[in-house]
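Enquirer: here's my sequence, what's the structure:
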Amino acid sequence: MGRQTARKGRIYDSGNGAHCLMNQATHNKIVSFIWGIADDVLRDRFKRGKYPDVILPMFVIRRMDAVLEPTKQAVLDTRKMLDEARITEQRAALCDAAGQAFYNTSRFTLRDLKSRGSQQQLLADFEDYLNGFSPDVQDILENFKFRNQLQTLSRADALGTLINKFLDPDIDLSPAGIDNHSMGTVFEELVRKFNEENNEEAGEHWTPRDAVRLMANLVFLPVADKIKSGTYLLYDCACGTGGMLTVGEETLTAIGAQRNQQIECLLYGQEINPETYAICKADMLLKGEGENADHIVGGAEWSTLSHDAFPAQEFDFMLSNPPYGKSWKKDLEALGGKDGMRDPRFKVMHNGEELSLVTRSSDGQMLFLANMASKMNDKSFRHGPRTG
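Expert: Numbering: from 1, shown residues only. This next block holds a predicted model:
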């Protein structure tokens with residue numbers, strides 16, 4: 001997967017470079033259509049700042065619905081067989097039946113919900129449909145807090161309209177109409193537009209792509225001649241919506257392609273903000289990167305400083321834009337205070353003496369750096385791993 005570039009009206013993959021991903025006009029049409037749904041359905045029912053809480057998860061749900069539709073009956077048959085055999089651990093078999101890293105065991109598809117006699121019945125059936133998704137999708141929906149919006153949609157008689165809009169035949173969100181990578185590109189564009197609309201400051205939950213590409217180039221280009229075919233682990237300890245991991249993967253695989261190297265990237269990220277974590281994980285699933293999605297950990301309880309998601313893992317490359325000037329007093333308390341802290345990430349030995357890396361509680365930025373330093377795989381290259 002290489003860096004996306006616009007060329008002669010199309011979006012290309014400059015890493016593998018062999019195929020055109022999506023016509024730029026098609027990309028713009030889909031983004032504009034989805035953006036328009038917000039104004040058509042949500043205006044006066046939700047504050048504009050709440051639009052992404054409805055549109056982004058519905059976009060994810062519609063794509064997954066379209067992806068799973070061809071294997072729906074196979075999943076239902078497999079679920080019935082497993083239940084009859086009283087097999088409780090069903091995830092692997094259901095994923096295999098779905099042919100995806102996720103599945104839905106509800107008897108409904110979105111198309112089944114187009115016509116209902118009452119809003120109460122539609123709401124009940126839609127909730128049944130949502131409950132049928134696999135645990136990874138449930139995690140995304142929970143962190144989006146999507147179910148919290150359903151009563152408002154139902155009372156406003158807008159839930160059916162919303163579903164019908166996403167099923168519009170003019171916008172084909174199935175794999176036949178848009179491939180996985182292009183789907184991720186559309187999703188990321190929607191996220192960017194909502195960030196701009198809501199006046200989100202760059203660096204709060206996202207970092208401008210130009211800055212991310214510069215960081216990736218600074219990390220990868222100096223060691224380009226040392227990169228060999230193989231699997232590399234990339235890590236972002238404050239991954240937000242996942243932009244640094246995505247661009248890092250694109251940059252590394254592009255370097256490999258230019259040097260005729262076969263590169264595979266495994267992405268790992270941790271994020272405390274529930275909504276941005278949900279966006280990051282959903283983006284991975286939409287791109288067909290189920291394994292990477294499993295390596296994205298987050299939510300309100302997953303602070304990198306006090307709740308390390310990857311305590312025994314080392315990484316080849318790390319890119320991150322952690323919060324600067326932000327208090328970490330709650331993390332300090334969770335770690336037992338400065339005197340009671342035993343976390344090995346924040347201690348180093350020097351000349352036989354144990355030294356603490358703990359900083360003042362008003363600013364934890366150096367602790368994120370210490371966290372990354374503790375996870376360096378010093379066998380990656382002759383000069384060790386790379387961080388940015």
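Enquirer: center of the protein - which residue?
Expert: For the chain, the residue sitting closest to the mean C-alpha position, by C-alpha atoms, centre = their mean, is residue 280 at 1.8 Å.
Enquirer: tell me the mean pLDDT over the strand or helix carrying that residue?
Expert: Using DSSP states H and E, residue 280 sits in helix 274-286. Mean pLDDT, computed over helix 274-286, is 90.
Enquirer: same deal with stretch 221-232?
Expert: 93.
Enquirer: just the endpoints, please. Distance across it?
Expert: Stretch 221-232 has an end-to-end distance of 15 Å (criterion: C-alpha to C-alpha, to the nearest Å).
Enquirer: now it: buried residues?
Expert: Buried residues in stretch 221-232, counted by 16 or more other C-beta atoms under 10 Å: 223-224, 227, 232. Placement of C-beta: from N, CA and C, glycine included.
Enquirer: cool, and stretch 105-115?
Expert: Neighbour count says stretch 105-115 has 105-106, 108-110, 113 buried, by 16+ other C-beta under 10 Å.
Enquirer: now swap in stretch 252-261 and tell me
Expert: Those would be 252-257, for stretch 252-261 by 16+ other C-beta under 10 Å.
Enquirer: and those residues, which is closest to residue 93?
Expert: The shortest approach to residue 93 among those belongs to residue 253, at 31.8 Å (C-beta to C-beta).
Enquirer: does that closest one really touch residue 262, like I thought?
Expert: No - counting by C-beta atoms under 8 Å, residue 253 stays clear of residue 262, with 9.4 Å between them.
Enquirer: that older thread, residue contacts, the residue nearest to the centre of the chain?
Expert: Residue 280 makes contacts with 239-242, 245, 269, 271, 296, 298, as judged by C-beta atoms under 8 Å, 6 or more residues apart in numbering.
Enquirer: picking up where we left off before, so how far is the helix holding residue 280 from its chain's centroid?
Expert: Mean-position distance between helix 274-286 and its chain equals 3 Å (C-alpha atoms, centre = their mean, to the nearest Å).
Enquirer: stretch 45-52 now?
Expert: 21 Å.
Enquirer: show me what stretch 53-66 is in contact with.
Expert: 34, 37-38, 42, 46, 102, 104, 109-110, 130, 133, 137, 140-141, 144-146, 148-149, 153, 162, 166-167, 173-175, 183, 187, 190-191, 194, 275, 278-279, 282, 285-286.
Enquirer: export the buried residues of stretch 252-261 to a markdown table and tack on pLDDT, secondary structure and distance to residue 28?
Expert: What follows is the buried residues of stretch 252-261, written out as a markdown table (pLDDT from 0 to 100; DSSP: H, G, I helix; E, B strand; the rest coil; distance: C-beta to C-beta, whole Å):
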| residue | pLDDT | secondary structure | distance to residue 28 |
| --- | --- | --- | --- |
| 252 | 95 | helix | 29 |
| 253 | 95 | helix | 26 |
| 254 | 95 | helix | 25 |
| 255 | 95 | helix | 30 |
| 256 | 94 | helix | 31 |
| 257 | 94 | helix | 27 |
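Enquirer: how about the lengthiest strand in the chain, which residues are buried there?
Expert: Ranked by residue count, the top strand of the chain under DSSP state E comes out as strand 263-271. Within strand 263-271, the residues that count as buried by 16+ other C-beta under 10 Å are 263, 265-271.
Enquirer: redo those as a markdown table? Include pLDDT and distance to residue 67.
Expert: Below are these laid out as a markdown table (pLDDT from 0 to 100; distance: C-beta to C-beta, whole Å):
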| residue | pLDDT | distance to residue 67 |
| --- | --- | --- |
| 263 | 95 | 26 |
| 265 | 95 | 22 |
| 266 | 96 | 22 |
| 267 | 97 | 20 |
| 268 | 97 | 24 |
| 269 | 97 | 23 |
| 270 | 97 | 27 |
| 271 | 95 | 24 |
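Enquirer: pLDDT below threshold where in the stretch 51-200 of the chain?
Expert: Applying pLDDT under 70 to the stretch 51-200 of the chain flags residues 117, 199-200.
Enquirer: one more time with 90
Expert: 114-120, 170-171, 175-200 (pLDDT under 90).
Enquirer: the strands in it, which residues?
Expert: For the stretch 51-200 of the chain, no strands are identified by DSSP state E, counting those that start in this stretch.
Enquirer: you'd agree residue 354 is up against residue 344?
Expert: No - using C-beta under 8 Å, residue 354 is not in contact with residue 344; the gap is 10.2 Å.
Enquirer: returning to that earlier point: selecting buried members of the contacts of residue 280 in ChimeraX, what would you type?
Expert: Selection command for ChimeraX covering only the buried members of those, criterion 16+ other C-beta under 10 Å:
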select :239,240,241,242,245,269,271,296,298
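Enquirer: the contacts of residue 280: which two are farthest apart?
Expert: Among the contacts of residue 280, 245 and 298 lie farthest apart (C-beta to C-beta), at 12.5 Å.
Enquirer: mutual contacts of these two, please.
Expert: With C-beta under 8 Å, 6+ apart, residue 245 and residue 298 have common neighbours 239, 269, 280.
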